Every structure is written in structure tokens, then in C-alpha cells.
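# how would this look folded up:
(chains A, B, C and D)
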2 protein chains.
Amino acid sequence: MGEQPERSFIEKARRAQIVDAAVETIAARGFAKASLAQIAERAGISKGVISYHFAGKDELIELVVEQVYERIGAFVGPRMEEQKEREGGGGWLRVYIQSVAEYMAGHRVQLTALGEIFGNFRKGDGAPRYDVVTSESLYVALEEGFREGQERGDFRPFDVRTMAVSLQSGIDAMFAYWSAYPEHDLAAHARELADLFEHATRAEGRPAEARPTADHRPREH
Amino acid sequence: MGEQPERSFIEKARRAQIVDAAVETIAARGFAKASLAQIAERAGISKGVISYHFAGKDELIELVVEQVYERIGAFVGPRMEEQKEREGGGGWLRVYIQSVAEYMAGHRVQLTALGEIFGNFRKGDGAPRYDVVTSESLYVALEEGFREGQERGDFRPFDVRTMAVSLQSGIDAMFAYWSAYPEHDLAAHARELADLFEHATRAEGRPAEARPTADHRPREH
DNA sequence: CCATTTTCTGACCGGTCGGCCAAAATTTAA
DNA sequence: TTAAATTTTGGCCGACCGGTCAGAAAATGG
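Here you go, the predicted model:
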């Protein structure tokens, strides 16, 4: 239980520095080319330092994932809480989508690295280290929200797992698209995505409250 | 212009054999571990044969992608054509989703390999070989369908690019989820996804034609 | 100041990669 | 049958990988 890592000042600083360098390197060069040598070079240290402070590359990568997860959760979580207290309906869906989009906009490199890791990091046996199974807790949380909305009558009947998986995929795709087209209007995409899932989920004959009509002109890329 | 590859019988057979072995190896071991040595072993030939028949690994991988794309297009395309002739409304959306799902069900290995390649294959400079930009022509085709539906009044106004990107991401996620949970009911997921996008796209006050109510009980994994 | 511990360096290890090639095997054609 | 062309083999190359290690350097503390 209560292990005490007993990290020295230097230890903590180095670990943070190396994690940051790993994020930057993975985002910039891709997971496959983010070798310990590359990460060390970006951090301005010798390769052996990484081995000295981390048990191995896997521990380093998993720390990166944990860090990004924590930070995005710390951003989105409170906004969801506040929304649920303010208005109990299905509005949390829009808040969720737009909060994530807002975080993306300000932390592009972090999210890029996370995507690289999710797509490419594998265990020794070749199986993906992170896959849809990893997202189970996220799916469960979304399902809970959907089920509440259905019981309240805000949402139509639908399979909550399919809806959760599709929603998360739409958010991931929003990031991937913005990543490929940096001039893409992320906020507008988030609004459209919220509209999409509002229409997809809401009960029949129960129109969403009026919203200013969006501008649907095509964009150039 | 008009190059004549002038492939001998052996040449064509070997190339096909090697492409097949590549598909199987990539699907089974992941892109990163699908080395030329592994592919050659699965094909029962020497490693050098691949180098002899292909300019390099890149050419081989790109051939795999082309082959899978052609085959899925040959499966889905005619079904879309037939649907559009039979009934001009927004029903193509459901046909598209379910056709792709049906193809997935019968060609799991192919699609798994394609996913691996899309996620991991990179150019010399480290940039992804295939990204959302690659899907541009697919997006354009979907947008065309959405725009027609909007003009006809079947669909509500929405940004067609966001809808196309989200739809395709939902289909990709459906495959990924089924891939992680093989006992997952792919056909049911496809039906739910079609419902989702039918609700998301259809014009206000224009309910979809009656459908037998689906069974929305949760599934176990 | 010096002894001890912590931290860092750069060379090195075994392993895998894609690609190359001389020589052997096989097929084709005269 | 035999000479030429095609195909295949299996070993080899240089490059890079993650990880290790002895010893140098730096920090710590009595």
C-alpha cells in the first residue's frame, strides 16, 4: 500500500522534463520514430538518463498518457458538473463536446501525442496497449448520461453503447480533421457535432430549444 | 504514358501471393511487426523474393491498400446504385452503412490490415502516409449525397463536411469496436448507427417511415 | 576538505530492420 | 541438348532500436 517513491527534487524535475520531451517528440515525429535517442536529444540530455530515471520506455509512455488524461479530465470535468447543476436536461452533451474541443484547441501537441500513442503503442505480444477496451470507463460514463436522459424522456430510445461509441469517435475525428487542416474552424465543427448528436438523441416531437441558425456555407481546404 | 508492366504469369502470381501474405501478416501481428522476413515466412518463400518482385516495402503496402479499397468499393458501389434507382430519398444512408458493415463481417482480416496500415504507415519524413486528406474523395461523395437530400428537403440544414467526417468516423469506430469484441452484434450496431444518422440528418417534422422498434437492451462484453 | 552518494555520459551489447547481391536453381527458348 | 533468361536462395550490410554499464562528473553532507 501507500508506497513512498521518495523522489528527490532532481528526480521529479528530470522526470517531468523527459515526459515533456517525449510528448513533443511523439507529436512531432510520430510514435514509431520517437526513440529514446530522439527524446533524449530533444531534452538535451544523454540517452542513458532516461534509462536511469525510468524503468523502461513503456513506463515513460504510460506516464505521458496518464498526464494528458488527468489534464483533460481536470478541464472537462468541472464544466460538466456545473452544467448538470445548472440545468438537468440533455444539455450536458453539448457542453461535453464543446469542452473537449476547447481543450483540444489549446493543447494540440498533447492530444497529437496521445493519438499517436493510442494508435501505435503495443505490448510485447504485439497486441495494442490501448484500444477500445481502454475506453470502457468513458463509455460507461456516457451511457449513464444517455440512460438518464432516456428515463427522463429527453432522449428517444436507442442503444446507449452504440451512441457512446459513435459520439466519442465523432470527437476523435474532429481532432484528427483539425489536426490535418489546422485552419479548420474547430469551434464550428464542435457546434455542428453537438447539433448532430442533439438531433440524433432527442425524443420524437420534442424539438431542441431555439438556437441561432448556423452558417452552413462550405469551407475551403 | 501507357506503361506496359508486361508481367509474366509467375510475376503476377507471386505478387498476388505476396500481397495476400502481407495482408495476413499485418492483420495478425500488427503493422510494426510485419517485417519483410515475417511476410516471406508466411508466404513460404525467401525474403529476397519480395525485394525481387517489388521496388520496396512501400510499394507492397500501397498495393495492399489499393486492393482492399477496390474490393470494398466493388461491393458497396453497386448496392448504392441500385438503392438510388429504386428509391431516391435519403435511404442511401442506411444502405451505405449496412453495406459497409456487411463487407466488414465477411472480410475482417482485410479490414484489420487496412486499419493497421492507415494508423501506422509513414513516409520517409515521418508524416503519415494515409490520413484524413486521403479520405477527401470519400468525403466529397458523401457531401454530394447530403447536399442533394438537403435540396430535396429530406435533410435538415447542416454542415455537410462535418456530417461526412462524423459518419465515416462512426463507421470506422463500428469496425474497431467489433474488432475488439468479436462477439459484438455488428448488424445491430449498423442498424443503430443508421438510426442515429437518420435522426441526425432528417428535416424537422419529417419523421422517418415507420420501422419495427429495435431492441435496445444492453449487451454484455 | 574529503568521503559518499547521486546523477550523467558515451560507448557498447544483442537484436531486428529493409535492402542488396553473388551464386544456385529453375524455366524458357533455340 | 544446351545456352540464355528468369527466378530464388540465404547470407550479408549498415542503420537503428531499447537497454546496460563502467567510469566521469556533480551534488551532498560530515
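
# Please report how far A:Asp154 lies from A:Gly88.
In this view, A:Asp154 and A:Gly88 are 9 Å apart by Cβ to Cβ, to the nearest Å. Every residue, glycine included, has its C-beta placed from N, CA and C.

# Those two: which is more packed in?
Here A:Asp154 and A:Gly88 are set side by side on neighbour count (other Cβ atoms under 10 Å in any protein chain shown), and the busier one is A:Asp154, at 18 against 13.

# Test my guess that the more buried one contacts A:Glu198.
No - A:Asp154 lies out of contact with A:Glu198 (Cβ atoms under 8 Å); the separation is 10.2 Å.

# Between the two, which contacts overlap?
When Cβ atoms under 8 Å, 6 or more residues apart in numbering or on different chains defines a contact, the residues bordering A:Asp154 and A:Glu198 alike are A:Gly90.

# how much space is there between A:Glu144 and DNA strand C?
Here the criterion is Cβ to the nearest atom of the strand, to the nearest Å. By it, A:Glu144 lies 43 Å from DNA strand C.

# Report the secondary structure element holding the residue of chain A at minimum distance from DNA strand C.
Closest residue of chain A to DNA strand C, Cβ to the nearest atom of the strand: A:Gly48 (2.5 Å). Element membership for A:Gly48 (DSSP states H and E) is helix A:47-53.

# The helix or strand immediately after that helix in the chain near DNA strand C at all?
Later in the chain than helix A:47-53, the nearest helix or strand by DSSP H and E is helix A:57-86. No - between helix A:57-86 and DNA strand C, judged by Cβ under 7 Å from any atom of the strand, nothing touches; the nearest distance is 12.3 Å.

# Now helix A:57-86: buried residues?
Of the residues in helix A:57-86, those buried by neighbour count under the rule 16 or more other Cβ atoms under 10 Å in any protein chain shown are A:57, A:60-65, A:67-68, A:72, A:76, A:79-80, A:83.

# cool, stretch A:175-183 as well?
Residues of stretch A:175-183 classed as buried under the neighbour-count rule (16+ other Cβ under 10 Å) are A:Phe175, A:Ala176, A:Tyr177, A:Trp178, A:Ser179, A:Ala180.

# Just put those in TSV and tack on secondary structure, pLDDT and distance to B:Val140.
Listed next are the buried residues of stretch A:175-183 as TSV, based on DSSP: H, G, I helix; E, B strand; the rest coil; pLDDT from 0 to 100; distance: Cβ to Cβ, whole Å:
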residue	secondary structure	pLDDT	distance to B:Val140
A:Phe175	helix	97	21
A:Ala176	helix	95	17
A:Tyr177	helix	97	14
A:Trp178	helix	97	19
A:Ser179	helix	93	20
A:Ala180	helix	92	15
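
# all helices for chain A, in order.
A:9-29, A:36-43, A:47-53, A:57-86, A:92-106, A:108-120, A:136-152, A:160-180, A:186-201 (DSSP state H).

# what's the spacing between the last one and its chain's center?
Here helix A:186-201 shows a centroid-to-chain-centroid distance of 17 Å under the convention Cα atoms, centre = their mean, to the nearest Å.

# orientation of it relative to helix B:186-201 in degrees?
110 degrees (axes from the mean of the first three to the mean of the last three Cα atoms, to 10 degrees).

# Who are the packing partners of helix A:186-201?
Packed against helix A:186-201 by the contact rule (3 or more Cβ pairs under 8 Å, 6 or more residues apart in numbering or on different chains; DSSP states H and E) you find helix A:92-106, helix A:160-180, helix B:160-180, helix B:186-201.

# Just the angle for that helix relative to helix A:136-152, thanks.
What separates the directions of helix A:186-201 and helix A:136-152 is an angle of 50 degrees, with the same axes, to 10 degrees.

# same thing with the fourth one?
For the pair helix A:57-86 and helix A:136-152, the angle between their directions (the same axes, to 10 degrees) equals 20 degrees.
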